[in-house]
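Visitor: Here is my input, please return the structure:
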Amino acid sequence: MLMIVRLYPKTDLNKIWNYVENEIKEETLKAITPLYATQTEGMMDIGVIFETKDPDDIARFLTEEIVKCDEVHHTKTISLMKPVFFPIPKNKPATTQRYLIRVYTHPRYYKNIYNYLIDHHYSYNLFPIYISYSLGDEDIIMSVAADSKETANRFLKEHIRTLDGIDQASLYPVFRAKRFASLEKLIEQQKKYLAERAKKTPADEMDLEFDWVEDFEQYAMLTGALPGDI
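Guide: Sure thing, here's the model as predicted:
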């Protein structure tokens, strides 16, 4: 199963990112596989995504590994339930970047909203990366790629906030990501959760490397910042 461990700082989130980027190594965590970590604009945490057969094995990471980073103030662990991944198309706008959408709703609306997001007909300039229940924090979490923040916000306002049962839905740009597993292993892991319609997509139509924004200056330039603003 997939799990997110969110790490919250005492004061400096960059110190946690530096620890995650430099100290977490796949070979040091035998019972769990760290896949990647992300930092999103507007969320005061670093999210580390793991694949594990036994959720209890996450406790070792928390009690033996992450405690070595003194900057971590507290953590949250979220199980991704029924995650569905979608391939990233090669034919997409050059400015495409990733965003995180967090949805809060009443339990009676979980299934309808989840199914709607999976079956929605997405435009060429906005498409899903993954959709999952994440009932340990928000109710449904969704990673999307869009050609601009305006496009992502328009999708949020017109196609999510208008749904029956939505209490709250928020958008967060992802500006930094670190991949731990090899690209091949990451793709192999994601294939376990691939959407049914996505299984029909030819491999030569997928972009396998887009989803890694490891350079903050590159991100800032792509989103419109001038060199003097960075």
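
Visitor: Now do the most centrally placed residue in the chain against Met1, distance only.
Guide: Closest to where the C-alpha atoms of the chain average out (Cα atoms, centre = their mean) is Ser143, at 5.3 Å. As judged by Cβ to Cβ, to the nearest Å, Ser143 and Met1 stand 17 Å apart. Quick note: C-beta positions are derived from backbone N, CA and C, even for glycine.

Visitor: show me where this protein has strands.
Guide: Along the chain, counting by DSSP state E, strands occupy 2-9, 32-40, 46-52, 72-85, 97-105, 126-133, 140-146, 166-179.

Visitor: Walk me through the domains of the protein.
Guide: By the record's domain assignment, the chain is partitioned as 2-80, 82-201 (automatic domain parsing).

Visitor: now the ones you listed in TSV, with mean pLDDT?
Guide: Formatted as TSV, the domains of the chain follow (pLDDT from 0 to 100):
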stretch	mean pLDDT
domain 2-80	89
domain 82-201	87
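
Visitor: Identify the bridge partners of the closest residue to Ile66 other than its chain neighbours.
Guide: Leaving aside its sequence neighbours, Ile66 sits nearest to Val72 (Cβ to Cβ, 6 or more residues apart in numbering; 5.7 Å). Using DSSP bridges, the bridge partners assigned to Val72 are Pro9.

Visitor: Pull the number of nearby residues for Val72.
Guide: Neighbourhood size, Val72 [other Cβ atoms under 10 Å]: 20.

Visitor: And Lys15, by the same measure?
Guide: Neighbours of Lys15 (other Cβ under 10 Å): 15.

Visitor: is it true that it touches Cys69?
Guide: Yes: using Cβ atoms under 8 Å, Lys15 is in contact with Cys69, at 7.4 Å.

Visitor: re earlier: what's the residue nearest to the centre of the chain in contact with, if anything?
Guide: 98-101, 128-131, 174 (Cβ atoms under 8 Å, 6 or more residues apart in numbering).
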